[in-house]
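Asks: Model the following, please.
(one chain, ligands or ions: 1)
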Amino acid sequence: MPGQHALLGASSSKQWLHCTPSARLQEGFPNESSVYAEEGTFAHEVCEYKVRKYLHERVKRPQSEEYYTEEIDQITDVYAEFVIGIIEEMKRNGCEPLVLVEERVDYSHIAPSGFGTADMLIIGKDENGKGLLHVCDFKTGQGVFVDCDHNSQMMLYALGGLAAYGFIYDIETVRMTIIQPRLDNISTFECSREELEAWGESIKPLAKLAYEGKGEQVPGDWCRFCRAKPVCRACAEEALSLAREEFLDLDAGALTDENNHATSDDDKAIPVFKQPGLIPMTELAEILPTLNRISSWIEAVFAYISSEAINHAVPVPGYKVVEGRSKRIFSDTKAVVDTAIQNGYTDLYKQQLISLTEFEKMMGKKRFNELLGDYVVKPPGKLSLVPEDDPRPPVDLENKPDREFSVLSEE
Ligand code: SF4
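Replies: I've put the predicted structure just below:
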């Protein structure tokens with residue numbers, strides 16, 4: 001159902017299978033949309049349109065001035081050609097496949113109240129004439145390569161597909177494919193129906209724990225999209241202890257106790273670095289994965305604190321919200337150009353219109369103010385959270401509308 005999300009969603013299953021309390025811990029945090037998510041939704045609609053058109057269904061082409069590009073056309077073509085290829089192959093294998101586009105699947109027999117929408121389910125026969133379920137998923141992301149091998153999202157969709165349609169064609173094999181054209185990634189994983197169902201049984205206890213919000217918080221790469229991340233204690237402890245382990249010689253015992261926590265006596269101790277001197281590239285390369293984990297946690301915390309302080313006026317001890325410097329801009333560039341030309345200034349373009357400062361330099365301050373002063377405006381600066389001893393006055397947040405913020409800074 002559009003707009004509805006299952007607590008134990010298939011797309012977040014990596015999270016709740018590894019860190020069972022994560023689904024419940026995120027409940028209080030809004031599931032905010034982003035331009036990437038909106039573009040992804042539009043691209044999925046185009047995929048759906050192309051496949052339905054091939055199936056001779058009456059469909060209207062989705063429109064979007066914002067997101068429609070030639071590139072979207074190309075990547076959705078890759079998807080449509082792939083799934084049409086599967087359908088055609090099944091026909092060659094001697095069967096008329098059942099094709100389900102954007103199909104809601106229910107896997108609540110495995111994960112309580114679990115459901116989701118599979119981009120494509122195709123049920124027919126394989127090259128040996130045996131029953132086959134093929135699940136396809138389109139991904140627009142280009143940040144992370146998504147592998148289909150034992151991918152829990154795909155396996156949950158497949159279990160939902162089997163539960164609803166497993167009786168057709170006596171399905172023996174399940175094939176799953178992720179199509180991620182922006183990374184040239186078409187990844188397929190295949191297993192027998194028994195293997196898939198055994199996996200489903202094996203995760204039932206974890207799914208139950210996840211539904212109840214029980215179990216241990218376990219950080220890992222699945223934290224990336226967790227909305228609780230900025231305030232997750234396990235994630236904070238992991239990031240700080242990774243940093244300590246990576247850079248400090250814990251054997252020297254100067255900074256931490258046996259749990260890697262700073263001890264009260266040692267709070268002000270000088271850290272003992274593993275090896276003094278400069279770090280060679282080989283060693284830097286080794287710590288890159290750790291740095292990624294630490295920096296992604298730091299970014300999430302900065303963004304969360306700044307947003308809470310600026311957008312919701314939540315007090316942050318030792319910090320205040322100030323208005324950043326704002327740049328003067330022209331309110332009406334056409335009027336500026338016309339006025340300048342009428343007064344004999346013609347050298348107004350380099351590759352584009354020269355900047356306000358260049359106008360001022362060219363005309364001199366006095367003449368600039370006389371001719372163009374009325375067109376100069378100073379929009380409000382960006383709000384940012386800074387330490388309390390910053391000389392700028394705090395902003396009265398009660399009387400400010402929501403504003404774009406910049407991250408916590410020590411400027
Ligand atoms: S951020 Fe915390 S709650 Fe979220 S998945 Fe990671 S460890 Fe679990």
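Asks: Neighbours of the closest residue to Thr177 other than its chain neighbours, how many?
Replies: In space, and not counting its chain neighbours, Thr177 is closest to Thr188: 4.5 Å by C-beta to C-beta, 6 or more residues apart in numbering. Glycine gets a C-beta too; all of them are placed from N, C-alpha and C. Using other C-beta atoms under 10 Å, Thr188 has 14 other residues around it.
Asks: Now Thr188: which helix or strand?
Replies: strand 185-192 (DSSP states H and E).
Asks: What are the buried residues along that strand?
Replies: Neighbour-count burial for strand 185-192, counted by 16 or more other C-beta atoms under 10 Å, picks out 185, 187, 189-191.
Asks: any idea how far the residue nearest the centre of the chain lies from the ligand?
Replies: In the chain, the residue lying closest to the centroid (C-alpha atoms, centre = their mean) is Phe225, at 5.9 Å. Using C-beta to the nearest ligand atom, to the nearest Å, Phe225 is found at 9 Å from the ligand.
Asks: Ala210 too?
Replies: Taken as C-beta to the nearest ligand atom, the span from Ala210 to the ligand is 11 Å.
Asks: picking up where we left off before, strand partners of the strand holding Thr188, parallel vs antiparallel please.
Replies: strand 171-180 (antiparallel) (DSSP bridges).
Asks: Mind listing what's buried along the partner strand?
Replies: Neighbour-count burial for strand 171-180 flags 171, 173-180 (criterion: 16+ other C-beta under 10 Å).
Asks: So what's the gap between it and the chain middle?
Replies: 24 Å (C-alpha atoms, centre = their mean, to the nearest Å).
Asks: I'd like to know how many residues surround Glu238.
Replies: For Glu238, the number of neighbouring residues by other C-beta under 10 Å comes to 19.
Asks: So Ser113 versus the ligand, what's the distance?
Replies: According to C-beta to the nearest ligand atom, Ser113 and the ligand sit 20 Å apart.
Asks: Quick check on Leu383: phi, psi?
Replies: Leu383 adopts backbone torsions of phi -80, psi 140, taken as degrees, to the nearest 10.
Asks: Could you double-check that it sits in contact with Lys320?
Replies: No. Assessed by C-beta atoms under 8 Å, Leu383 is found out of contact with Lys320, at 10.5 Å.
Asks: More neighbours: those two, which one.
Replies: With neighbours defined as other C-beta under 10 Å, Leu383 and Lys320 compare such that Leu383 has more, 22 against 19.
Asks: I am assuming Ile122 contacts Glu96, so please confirm or correct that.
Replies: No. If you go by C-beta under 8 Å, Ile122 and Glu96 don't touch, sitting 11.3 Å apart.
Asks: And those two? Which one has more around it.
Replies: Ile122 (21 against 10).
Asks: Looks to me like the more buried one is in a strand.
Replies: Yes. Checked against DSSP: H, G, I helix; E, B strand; the rest coil, Ile122 lies within a strand.
Asks: Residues of the stretch 201-350 of the chain that sit close to the ligand?
Replies: Contact residues, the stretch 201-350 of the chain versus the ligand (C-beta under 6 Å from any ligand atom): 217-219, 222-223, 226, 228-229, 232, 234-235.
Asks: try 5 Å this time
Replies: When proximity is defined by C-beta under 5 Å from any ligand atom, the stretch 201-350 of the chain lies next to the ligand at 217, 219, 223, 226, 228-229, 232, 234-235.
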